[in-house]
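pasting the sequence and the predicted coordinates here, then a few questions.
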Amino acid sequence: MRRRLYLPDEVKQSIRGHLERSFQEALDGVDSAWDDEDTITGHWGAKVQIKRQLVNVRGRTWGWSIDYRKFRGRGPGAAEAALGADGLIELTIDDIEVSGRKTALFQSKKESLQDPKLVFQCAALSTWREAAFVIQYKRDAFTAFRLDDAIDAVRRAPNHRHARGAQPLQKFLGETF
């Protein structure tokens, strides 16, 4: 059964602030990673990953952290082939009375979602439908899509200007996730 993770506003603001800063840093340095999609993923993952941060909320100390894992995508037995995911991102929350963890799998694409493999990758990810998404890397923005919106983007004409459901990745992680 899916349980909503309670977060006080102060903790949400702390997480969102980190996401905004880390994604700007990732974008500022994306040119050095641009040649390879997996390198871009490692680049932003290293920026967004953060050890336990403490936030005082009305006299109670809350802790939060973000972890990231990149799955092997090449060679025999690669996890990406079985899961349809490039990796995962995980938020951990704790205080005296509450602790929780929220994890999502992701598939990423550089520049365009017009990759025929994406439909099959999204189908594999659909086992975790509510906890999976697709990232589109562009030099000026990283964008997140729900699985249905990513599949829809693959099916549409390659020159279609705006894919439905696109959100800045930091907003998706800070609000939707």
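Noted; the coordinates are in hand.

distance between stretch 141-153 and the chain's centre?
Distance, stretch centre to chain centre, for stretch 141-153: 11 Å (Cα atoms, centre = their mean, to the nearest Å).

ditto for stretch 109-125
15 Å.

output the contacting helices and strands for the helix or strand of the chain with the lowest mean pLDDT.
When each helix and strand of the chain is scored by mean pLDDT, DSSP states H and E, helix 79-83 comes last, with a mean of 81. Contacts defined by 3 or more Cβ pairs under 8 Å, 6 or more residues apart in numbering; DSSP states H and E place helix 79-83 against helix 117-125. Where C-beta positions appear, they are placed from N, C-alpha and C, glycine not excepted.

for the residue sitting furthest away from the middle of the chain, give me phi and psi.
Centroid-distance maximum for the chain: G59 at 31.4 Å, with Cα atoms, centre = their mean. With angles defined as degrees, to the nearest 10, G59 sits at phi 90, psi -10.

one more: A166?
phi -70, psi 140.

and stretch 155-168, end to end?
21 Å (Cα to Cα, to the nearest Å).

do stretch 72-79 as well
Rule used - Cα to Cα; the end-to-end distance of stretch 72-79 is 6 Å.

so what's A46 up against?
Applying Cβ atoms under 8 Å, 6 or more residues apart in numbering to A46 gives the contacts Y68.

on that earlier part again, can you list the strands that the very next helix or strand once past the least confident helix or strand of the chain pairs with?
Using DSSP states H and E, the helix or strand that directly follows helix 79-83 along the chain is strand 87-94. Sheet pairing of strand 87-94 (DSSP bridges) gives strand 60-70 (antiparallel), strand 99-110 (antiparallel).
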